[in-house]
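# Can you look at this prediction? I've put the sequence above it.
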Amino acid sequence: MNLHFGTDGLRGVANRELTPEIALNLGRATARFISGSSFLIGRDTRKSGPLLQAALAAGLASEGLDVIDVGVLPTPGLAYLAATMHMPAAMISASHNPYFDNGIKLLSQSGMKLPDTLELVIEDELRKITSSSYQNILDKDTDGEKDAFAKVGDITSDFELKSGYVRHLAQSCAADMAAIEKAKFKVICDLSNGSAVSVAEDIFDQIHVATEFISYEPDGYNINQNCGSTHLAQLSSKVLSSGADFGFGFDGDADRVLAVDGNGRTVDGDQLMTMFAIDLHRRNLLTPPAIAVTVMSNLGLHRALKDAGIEVIQTQVGDRYVLDAMDANGLLLGGEQSGHIIFRDKATTGDGILTAIMLLSLLARTGESLSDIADRVMTKFPQVLVNVPVSSPVNIDQSLVCQEAIDTGKKFLGQDGRILVRPSGTEPVVRVMVEAISKEIADQVANDLVSVIEREFV
């Protein structure tokens, strides 16, 4: 396996690329460079989760750290525990990927992803430990067998720690609780057979919202399978057939959410952020009046927020870069089109369930329907996204042919469109995104670019 942290941790096919041996060695490498004497581990519902959890815990404990297994928990739930308990943590999840993939994402004791510099140090140590020429045992700071044994940490479990996260989310809408109860919303939640199943029912019960759950029976294999935030057809159909007010679709580790309005239409992260930003700004709560988004956000968001007097700060793709920009500029709101939305005064990472609760608060307070407010705040530009499979990592910037094709497309679109071409940080694909005033134009430009990339790299 390429022992390299991507934008969302170390990821690969479980038990083939991301093996127990790698998880064990990552535990050892992490323990040598991370602060703290204790460590939390959470996971989603994949079949391979307990396997990798056990191996990672063994590696950490072999270097003297005490490990607490918190069981199945959303990534933002683990981040909350890390921050409140002041312990570093690892989430075992591949987010929206299919069941056979898995990943390990490291969090600091402040509940945030590790800085790139520290990840590089851990990567280097992991490679050394994994190398057959590296004598790991001899590098331990011990004077004999007794000292080596004395260094072994404890491995325990505490599955009730999640209750603190449940209370935190329930309290996040305390100011609007009466309005939420009065609205009597009927909501459908698609839990993607993922980690949200461990907390969602308790949270929605505590805020007194009538909620029906679908994709709520994980079996280790059905996580993200034709359900959740990446497959909203089932949720849309259920909202329409049940007469629900709206629905929420979460991903496998519940750090993102997309909504479906009462007409069955998708409301994406850009639309949600635009709603939240304008609402906060009107109540003089968006200070400073700016949000952070990635380069993937729709041109419609930029125009809507500019008209509202709200600055948009752009970052590269990845919620860690959004968070960095937020903290550097003192921002309260930021996120991604995919539904990773960060409310910085309430969380250290994107949180799908928190975002859903914030939307419930907004709709209850304003009395508007989700469909009406989504149509009012933002006009989306047609956007085409194509994933081009490649056999190995590529550098688009070094291809003169690709750059010429991109420049030609940009000149053709002018001010009425955008192009973004980038290698994925989590999958062996090149992502091509084109926005234009019509889908036909966007398709034409995207197809031209895909043809060039396939000739160059496939």
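Structure's in. What do you need? The structure presented is a predicted model; accordingly, all values stated were derived computationally and were not measured.
# In this structure residue 453 contacts residue 401, no?
No. Using CB atoms under 8 Å, residue 453 makes no contact with residue 401, being 9.2 Å away. All C-beta atoms are positioned from the backbone trio N, CA, C, and that covers glycine.
# and the helix or strand hosting residue 452, what's its mean pLDDT?
For residue 452, the enclosing helix or strand under DSSP states H and E is helix 439-457. Averaging pLDDT along helix 439-457 gives 93.
# What of stretch 65-78?
In the prediction, stretch 65-78 has an average pLDDT of 98.
# hmm, back to that, next, the buried residues of the helix holding residue 452.
441, 442, 445, 446, 448, 449, 450, 452, 453, 456, 457 (16 or more other CB atoms under 10 Å).
# Ok, stretch 410-418 next?
413, 417, 418.
# now do stretch 125-132
Quick answer for stretch 125-132 (16+ other CB under 10 Å): 125, 126, 129, 130.
# Quick check, the second one in contact with residue 29.
Meaning residue 126. Yes. Look at residue 126 against residue 29 with CB under 8 Å: they come within range, at 4.3 Å.
# Quick check: end-to-end length of stretch 236-248?
End-to-end distance of stretch 236-248: 9 Å, with CA to CA, to the nearest Å as the criterion.
# Dump stretch 311-328 to CSV, keeping only the CA atoms.
The C-alpha trace of stretch 311-328 is given here as CSV (Å, rounded to 0.1, in the frame of the first residue of the first chain):
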residue,chain,number,x,y,z
GLU,A,311,-17.6,37.7,1.7
VAL,A,312,-16.7,34.2,0.4
ILE,A,313,-13.2,32.9,1.2
GLN,A,314,-12.1,29.9,-1.1
THR,A,315,-9.9,27.0,-0.1
GLN,A,316,-8.8,23.8,-1.8
VAL,A,317,-11.0,20.8,-1.5
GLY,A,318,-11.1,19.2,2.0
ASP,A,319,-12.9,20.1,5.2
ARG,A,320,-9.5,20.5,7.0
TYR,A,321,-8.6,23.4,4.7
VAL,A,322,-12.0,25.0,5.2
LEU,A,323,-11.5,24.8,9.0
ASP,A,324,-8.0,26.2,8.7
ALA,A,325,-9.4,29.2,6.7
MET,A,326,-12.2,29.6,9.3
ASP,A,327,-9.8,29.7,12.2
ALA,A,328,-7.3,32.0,10.4
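# Would you map the strands across the stretch 51-200 of the chain?
Per DSSP state E, counting those that start in this stretch, the stretch 51-200 of the chain has strands spanning 66-72, 89-92, 101-107, 155-157, 186-190. These are given in chain order.
# Highest mean neighbour count out of those strands?
Mean neighbours per residue, mean count of other CB atoms under 10 Å, is largest over the strands of the stretch 51-200 of the chain for strand 89-92, with a mean of 29.
# Would you format the strands of the stretch 51-200 of the chain as TSV with distance to residue 222 included?
Formatted as TSV, the strands of the stretch 51-200 of the chain follow (distance: least, CB to CB, whole Å):
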stretch	distance to residue 222
strand 66-72	14
strand 89-92	18
strand 101-107	14
strand 155-157	24
strand 186-190	12
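# Those strands: which one's closest to residue 49?
strand 89-92 (5.3 Å; CB to CB).
# What ranges in the stretch 51-200 of the chain fall below the confidence cut-off?
132-149 (pLDDT under 70).
# one step back: distance between the helix holding residue 452 and the chain's centre?
On the basis of CA atoms, centre = their mean, to the nearest Å, helix 439-457 sits 28 Å off its chain's mean C-alpha point.
# Stretch 192-210 now?
For stretch 192-210, the separation from the chain centroid amounts to 18 Å (computed by CA atoms, centre = their mean).
# Give me the neighbour count for residue 193.
By the measure other CB atoms under 10 Å, the count of residues near residue 193 is 27.
# wouldn't it be in contact with residue 214 here?
No. Between residue 193 and residue 214 there is no contact under CB under 8 Å: 9.5 Å.
# Tell me which of the strands of the stretch 51-200 of the chain sits nearest to residue 283.
In terms of CB to CB, the element of those nearest to residue 283 is strand 186-190, at 23.9 Å.
# What separation do you get for residue 233 and residue 226?
Residue 233 sits 8 Å away from residue 226, going by CB to CB, to the nearest Å.
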